[in-house]
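**Q** Pasted the sequence and its predicted model underneath.
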Protein chains: 2
Amino acid sequence: MPRVSTDQLAARRQEILDGARSCFARHGYEGATVRRLEQATGLSRGAIFHHFRDKEALFFALAEQDAERMADVVAAQGLVQVMRELLSSPQPLDAGWTGSFLEVARRGRTDPGFRARWRAHAEALTAATEQRLARQAAAGTLRDDVPVPVLARYLELVLEGLVSQLAMGLPADHLERVLDVVEGSVRRR
Amino acid sequence: MPRVSTDQLAARRQEILDGARSCFARHGYEGATVRRLEQATGLSRGAIFHHFRDKEALFFALAEQDAERMADVVAAQGLVQVMRELLSSPQPLDAGWTGSFLEVARRGRTDPGFRARWRAHAEALTAATEQRLARQAAAGTLRDDVPVPVLARYLELVLEGLVSQLAMGLPADHLERVLDVVEGSVRRR
């Protein structure tokens, strides 16, 4: 057998994740068959499952990676920016972090077991949102008549509504302006 | 056969709807078997399906009736009040209009056919919301820097998020105060 460096292994692993992302986004978790995952990644099932125990492990690794990117967006630009990116990304073919997000939301809705396993990530997102709001409060740009945890919960509720609408494929009319209202409603007046 | 008055027929029909409401709320559409509907209404399947063609027709009639009550709440007190009533009703045993609401939302999410049949009712709710906001605008209590359809869409998005959370059985912490933020964000400052 040829020797493979750690870098090569990591690169191959990422290649699989990137191919799988569009496959899950396009077909949903259930519809992303092993055959379709092979087509999307250009690799054999043997190669794919050398890196991931099974489809569930592959999906979870992907969702975790994308949740980290999402938390980065929250930390740098806030949860409303996350919503703007969700709105503007051309689902379901997007190759970015939003590609797995709706499918995570769908599974969270229909699969309580997945929801339980995902909880730590959901809590990390809440923490990132609260940290970002606390920084804005310190900078004097956040309204100060409502506690940060309430504002964080408010933004998460709007995100939940947005995700729900997008997951149902409903029209996104007015939603950019709606997000302006949301953004304005947490700012200091 | 005994002669039955129109009033008696209407009363019996309503009795079935009221019994069925808690059954659908408790067990969901799929879980509300004919046997459970018999137990919940105290009537035989023969009596139930004398009034409604099938379970689907019964559910739809119930959802329609509750949507009318909800539109009345919207017209009189606004969509935020609808959200407050959803929050405060002890699901899934509530006998009021909120009892069928979450199940309508669940079916709308998972059954595109139901969603299509329900569209007229969803549009009626949007119309009621816009009318209420227009009256507030005329009274000078609504913010005037954002068009009414955008504000209506904003409130619907929050409702969607709330329903999604409640349907998943997630904790409702902070949500009353979140609704205060929502209410304040459409008011004239």
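**A** That came through, no problem. From a predicted model like this one, the values you see are computed outputs, not experimental measurements.
**Q** The lowest-mean-pLDDT helix or strand in chain A close to chain B?
**A** Between all helices and strands in chain A, the lowest mean by mean pLDDT, DSSP states H and E belongs to helix A:98-110, at a mean of 78. Yes - Helix A:98-110 reaches chain B (CB under 8 Å from any CB of the partner chain) through A:108-110. C-beta here means a position set from N, CA and C on the backbone, and glycine is covered the same way.
**Q** does chain B sit close to the next helix-or-strand element following that helix?
**A** Once the chain leaves helix A:98-110, the next helix or strand it forms, by DSSP states H and E, is helix A:112-138. Yes - judged by CB under 8 Å from any CB, helix A:112-138 and chain B are in contact via A:Arg115.
**Q** before we move on, back to that, go through the residues of helix A:98-110 next to chain B and name the one nearest chain B.
**A** Distances from chain B to the residues of helix A:98-110 next to chain B, taken as CB to the nearest CB, are shortest for A:Arg109 (6.2 Å).
**Q** Tell me who's in contact with A:Glu156.
**A** Residues in contact with A:Glu156 (CB atoms under 8 Å, 6 or more residues apart in numbering or on different chains) are A:79, A:125-126, A:129, B:161.
**Q** Please convert those residues to a markdown table, extending it with neighbour count, distance to B:Ile16 and pLDDT.
**A** Below are these laid out as a markdown table (neighbours: other CB atoms under 10 Å in any protein chain shown; distance: CB to CB, whole Å; pLDDT from 0 to 100):
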| residue | neighbour count | distance to B:Ile16 | pLDDT |
| --- | --- | --- | --- |
| A:Leu79 | 26 | 45 | 94 |
| A:Leu125 | 18 | 44 | 89 |
| A:Thr126 | 17 | 44 | 91 |
| A:Thr129 | 24 | 46 | 95 |
| B:Gly161 | 25 | 33 | 91 |
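**Q** For those, could you give me TSV that also reports distance to A:Thr141?
**A** As requested, those are arranged in TSV below (distance: CB to CB, whole Å):
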residue	distance to A:Thr141
A:Leu79	15
A:Leu125	21
A:Thr126	20
A:Thr129	15
B:Gly161	24
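**Q** what angle do the least confident helix or strand of chain A and helix A:112-138 make?
**A** Angle, helix A:98-110 to helix A:112-138, by axes from the mean of the first three to the mean of the last three CA atoms, to 10 degrees: 120 degrees.
**Q** could I get helix A:98-110 in PDB with only the CA atoms?
**A** C-alpha atoms of helix A:98-110 as PDB (Å, rounded to 0.1, in the frame of the first residue of the first chain):
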ATOM      1  CA  THR A  98     -25.900  27.100   4.200                       C
ATOM      2  CA  GLY A  99     -26.100  23.900   2.200                       C
ATOM      3  CA  SER A 100     -26.400  21.700   5.200                       C
ATOM      4  CA  PHE A 101     -28.200  24.100   7.400                       C
ATOM      5  CA  LEU A 102     -31.700  23.500   6.200                       C
ATOM      6  CA  GLU A 103     -31.200  19.800   6.200                       C
ATOM      7  CA  VAL A 104     -30.000  20.000   9.800                       C
ATOM      8  CA  ALA A 105     -33.200  22.000  10.600                       C
ATOM      9  CA  ARG A 106     -35.400  19.500   8.800                       C
ATOM     10  CA  ARG A 107     -33.900  16.500  10.700                       C
ATOM     11  CA  GLY A 108     -34.100  18.400  14.000                       C
ATOM     12  CA  ARG A 109     -37.800  18.800  13.300                       C
ATOM     13  CA  THR A 110     -38.600  15.200  12.400                       C
END
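**Q** for that helix, packing partners?
**A** Packing contacts for helix A:98-110, counted by 3 or more CB pairs under 8 Å, 6 or more residues apart in numbering or on different chains; DSSP states H and E, involve helix A:6-31, helix A:55-77, helix A:79-88, helix A:112-138, helix A:148-167.
**Q** next one: that helix to chain centre, how far?
**A** How far helix A:98-110 lies from its chain's middle: 8 Å, per CA atoms, centre = their mean, to the nearest Å.
**Q** buried ones in it?
**A** Within helix A:98-110, the residues that count as buried by 16 or more other CB atoms under 10 Å in any protein chain shown are A:98-109.
**Q** Give me every residue in chain A lying close to chain B.
**A** Proximity of chain A to chain B, by CB under 8 Å from any CB, involves residues A:108-110, A:115, A:146-147, A:149-151, A:153-154, A:156-165, A:167-168, A:173-175, A:177-178, A:180-182, A:184-185, A:189.
**Q** For ChimeraX, write a command that selects the buried ones of the residues you listed.
**A** To isolate the buried ones among the residues of chain A next to chain B in ChimeraX, judged by 16+ other CB under 10 Å, type:
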select /A:108,109,115,146,149,150,151,153,154,156,157,158,159,160,161,162,163,164,165,167,174,175,177,178,181,182,185
